[in-house]
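Q: quick one, what's the 3D model for this:
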Amino acid sequence: MPSLKSCLTILAAVSLPALISISAAGARFDIDDTLASSTAAPGRTGATSPANTPDAPSRSAGDSPVDGIRVSTTAGNASSGTIPVPSACAGAAQHHPAWKPWNENGLIGHAQMVAKAHSGRIDLYFLGDSITRRWGATDYPQFLAHWRRTFFGWNAANFGWGGDGTQHMLWRIRNGELDGLNPKAIVLLAGTNNIGKGDKPGSAAEAAEGVAALIETCREKAPDATIVVMAIFPRNDSPGSNTMIDEANRRIARLADGKKVRFLNINDQLADPSGQLLEGVTVDRLHLSLAGYEIWARNLTPLLTELLGPRASEDRAPPPTGDPAGSNRAASS
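A: Below is the predicted model:
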């Protein structure tokens, strides 16, 4: 039986005039997601040990521009060229490994997010790595203030964790962080930590496989949600990464269905055509600055308004969480 990775390679090679649409009738999932921070497990090629921080910068995704801003609106069906997913690809979540948090701080953070998932109301769910986490974290007050201004009234909750690859995110949503929830929209940014630094053969396929597993699991746990999958953002901490990011984004974009899975690419607003980040959009050539988050918010808002309606005058989202290690340091100082 062909591997999932080989199936993704076949799909990536198919030439169609528009994004490839995968209908629910032809598959159990729509692969259109980019996970923002997965690391290779010990013993695997390219494995690294992330720093003991929720924002380990060693593996964040950077993507050179792919067609500028683009939201997939192509919806496939049997008469318009929909490609059924081969049976070997229909079980992405079974093929892709799921890894527990890599240190105690990550386990504590996971427990806090499980508690957050079961307090308040969540209509808008963000899943990702440190790029996502910082936006709505108590240890980044300036970013958190912008988060609240942007999403107040949509009951938004942030489930990003630094250093995570698709494997770590998969473990987290399988172990309580998405259980019992029924969000209307899920925003997914992932894959940069699967890519990591340098030109690693196979990393783009691994990121796409992880995105497939995440989308399949999100669809199973929250079948009514529309998933907004972000293209992996550009990164300039490792020039060799952008080739792999481009490839991963091409694979991911082709797997949107334009209905329940949308693909959103804002990279031409973050970087020039060569993939060089624009001045001021990141703080370290990888993680977004306030200006970077403003760009992301500006492009998400019309789509979220379509999916969620106008923002309400009150908000019932659970309180934000932060870095447990940071809290412990503050308490002991």
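Q: going forward, measure contacts and count neighbours with C-alpha atoms only.
A: Will do.
Q: beta partners of the nearest residue to Thr132 once chain neighbours are set aside?
A: The shortest distance from Thr132 to any non-neighbouring residue, by CA to CA, 6 or more residues apart in numbering, is to Gly160 (5.1 Å). Counting by DSSP bridges, Gly160 is bridged to Gly128.
Q: repeat that for Ala190.
A: With DSSP bridges as the rule, Ala190 is bridged to Leu35.
Q: so it is in contact with Gly162, correct?
A: No: between Ala190 and Gly162 there is no contact under CA atoms under 8 Å: 10.9 Å.
Q: so where's the protein shaky on pLDDT?
A: Where the chain drops to pLDDT under 70, the residues are 1-91, 93, 327-333.
Q: can you tell me the SS state at Lys100?
A: coil (DSSP: H, G, I helix; E, B strand; the rest coil).
Q: what is the neighbour count of it?
A: 16 (other CA atoms under 10 Å).
Q: kindly report the same for the one 3 residues further on.
A: Applying other CA under 10 Å, we find 13 residues neighbouring Asn103.
Q: quick revisit: who has more neighbours out of Ala190 and Gly162?
A: Using other CA under 10 Å, the more surrounded residue of Ala190 and Gly162 is Ala190, with 37 against 29.
Q: and that one, how close does it get to Val261?
A: 15 Å (CA to CA, to the nearest Å).
Q: so which elements touch the strand or helix carrying Ile252?
A: Element membership of Ile252, judged by DSSP states H and E, is helix 241-253. Where contact means 3 or more CA pairs under 8 Å, 6 or more residues apart in numbering; DSSP states H and E, helix 241-253 is packed against helix 4-13, helix 192-195, helix 203-221.
Q: how about the longest one as PDB, C-alpha atoms only?
A: The C-alpha trace of helix 203-221 is given here as PDB (Å, rounded to 0.1, in the frame of the first residue of the first chain):
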ATOM      1  CA  SER A 203      10.500  18.200   5.400                       C
ATOM      2  CA  ALA A 204       7.900  19.800   3.100                       C
ATOM      3  CA  ALA A 205       6.200  16.400   2.600                       C
ATOM      4  CA  GLU A 206       6.300  15.900   6.400                       C
ATOM      5  CA  ALA A 207       4.700  19.300   7.100                       C
ATOM      6  CA  ALA A 208       1.900  18.500   4.500                       C
ATOM      7  CA  GLU A 209       1.400  15.100   6.100                       C
ATOM      8  CA  GLY A 210       1.100  16.700   9.500                       C
ATOM      9  CA  VAL A 211      -1.400  19.300   8.200                       C
ATOM     10  CA  ALA A 212      -3.500  16.500   6.800                       C
ATOM     11  CA  ALA A 213      -3.500  14.700  10.100                       C
ATOM     12  CA  LEU A 214      -4.500  17.900  12.000                       C
ATOM     13  CA  ILE A 215      -7.300  18.700   9.600                       C
ATOM     14  CA  GLU A 216      -8.600  15.200   9.800                       C
ATOM     15  CA  THR A 217      -8.600  15.300  13.600                       C
ATOM     16  CA  CYS A 218     -10.200  18.800  13.700                       C
ATOM     17  CA  ARG A 219     -12.900  17.700  11.300                       C
ATOM     18  CA  GLU A 220     -13.700  14.600  13.500                       C
ATOM     19  CA  LYS A 221     -13.700  16.600  16.700                       C
END
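Q: run the chain-centre distance for stretch 183-196.
A: 1 Å (CA atoms, centre = their mean, to the nearest Å).
Q: okay, how far is it across it, tip to tip?
A: 30 Å.
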